[in-house]
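Engineer: kindly generate the corresponding structure for this input.
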Amino acid sequence: MEVRKSKEKQCLVCYKSSNGMHFGAITCRACAAFFRRTIVSNFEYECGKRNNNCDVDENGKFACRYCRYIKCQQIGMKPDTLKLDYDPTFSIKGSIDDYSGNEISNTNSSICSPSYSKSEEENGENNRYLFNFSPKPSNKPIVEIDFLDLSKNIEYLFDNSQNEENEKDELKLLTTSILDFRKNQKNKMIEINQMEIFDMVKLLKNEIIWKWAKWMNSSNLFKTIGKQQKMQLFQNSWNILHIFERLQITSKNEELLKSNEILISDNLLWICGKSYYNISSISEITNQYFSKLFDPYLQRFIDEIGKKLYEMKIADEELIFCLVQLHIRI
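Structural biologist: This is a model prediction of the structure:
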């Protein structure tokens, strides 16, 4: 693969505007994030064109992740400069400005620690635990949230799907699928005040994650890739796709956006700054502090994405285009 000479302030990977040095090379934030995600998650890629020589298109987009990663290495990006314990939570200014000193002393510096086996992750066998953490301090129970049955069902779905021979239009297939899983969306919603953390887990297991597996599997193109790639694509993207889709359906109601509310399921309404998860059964972290960690992100989603989607008033087919772009670029 040829490495082009770039102009000053250009990303050496995709040639878009850079914002400085990342992992030993001048890149943009997107390419830096891609490199970090690849290293931290031990991802392995294959060249989409099988020639290991893909390059960026006229819009600065790579055709495949494999060649993008190789390009990162060629320009001098090094994994040994990666901070594996980097915590992006504190990158949002003011998110915990009024956080009390008592809470800091109770939680120590490490709130949660991963307890899955790295060897399992490297072998692609970590589907059992999508969530698995050990709260600190130790006077709370160690919690294992087991997604094994769901993972098996998703793998079976991916392994035993057949192409829709009568329908070649990918856009139509994906649009029909998303309209199908939106058909139970209620007009009258239940406003959440407090939600038990395990109720949210049940919602993920019994509704949200399965819906996105079915949506991805409605694509004939998705059905042509290998089993491991399917699971990797799914695990990497379902949550981001879900957030974007929920913001889009929320954006159809201007009053919800003005009130900083978001539809998180078919019948549940989350109010930013008011709704919260109750995690007292598994953690010493107070519910107030836990909310302070995540509410700033949700508020930004509403302000920077939800309100833009309201202005654009995108059609269902345009939503599918956005979702597909997110899906293949993550």
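
Engineer: show me which residues of the helix or strand hosting residue 149 are buried.
Structural biologist: Assigned by DSSP states H and E, residue 149 belongs to helix 148-159. Using 16 or more other CB atoms under 10 Å as the test for burial, helix 148-159 gives 150-151, 154-155, 158. Every C-beta, even on glycine, is put in place using the N, C-alpha and C of the backbone.

Engineer: what mean pLDDT does whichever helix or strand comes after that helix have?
Structural biologist: Next in sequence after helix 148-159, counting helices and strands by DSSP H and E, comes helix 170-181. Averaged across helix 170-181, pLDDT comes to 93.

Engineer: do stretch 278-293 as well
Structural biologist: 82.

Engineer: then stretch 47-67?
Structural biologist: For stretch 47-67, the per-residue pLDDT averages 80.

Engineer: let's see the distance spanning it from one end to the other.
Structural biologist: 6 Å (CA to CA, to the nearest Å).

Engineer: mind checking how far the residue nearest the centre of the chain is from residue 288?
Structural biologist: With distances taken as CA atoms, centre = their mean, residue 240 lies nearest the centre of the chain, 3.5 Å away. Between residue 240 and residue 288 the distance is 27 Å, computed by CB to CB, to the nearest Å.

Engineer: low-confidence regions, the chain specifically.
Structural biologist: Within the chain, the segments meeting pLDDT under 70 span 1-8, 81-143, 164-167, 330.

Engineer: go again with 80.
Structural biologist: Filtered on pLDDT under 80, the chain yields the residue ranges 1-9, 41, 48-50, 57-63, 80-146, 161-168, 283-285, 328-330.

Engineer: now residue 66: how far from residue 212?
Structural biologist: For residue 66 relative to residue 212 (CB to CB), the value is 25 Å.

Engineer: of the two, who's got more company?
Structural biologist: Neighbour totals were compared for residue 66 and residue 212, and residue 212 leads with 22 against 19 (other CB atoms under 10 Å).

Engineer: and the helix or strand containing the more buried one, what does it pack against?
Structural biologist: Secondary structure from DSSP H and E places residue 212 in helix 209-217. Contacts defined by 3 or more CB pairs under 8 Å, 6 or more residues apart in numbering; DSSP states H and E place helix 209-217 against helix 148-159, helix 170-181, helix 227-250.

Engineer: TSV for those, including distance to residue 270?
Structural biologist: Formatted as TSV, the helices and strands packed on helix 209-217 follow (distance: least, CB to CB, whole Å):
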stretch	distance to residue 270
helix 148-159	23
helix 170-181	19
helix 227-250	9
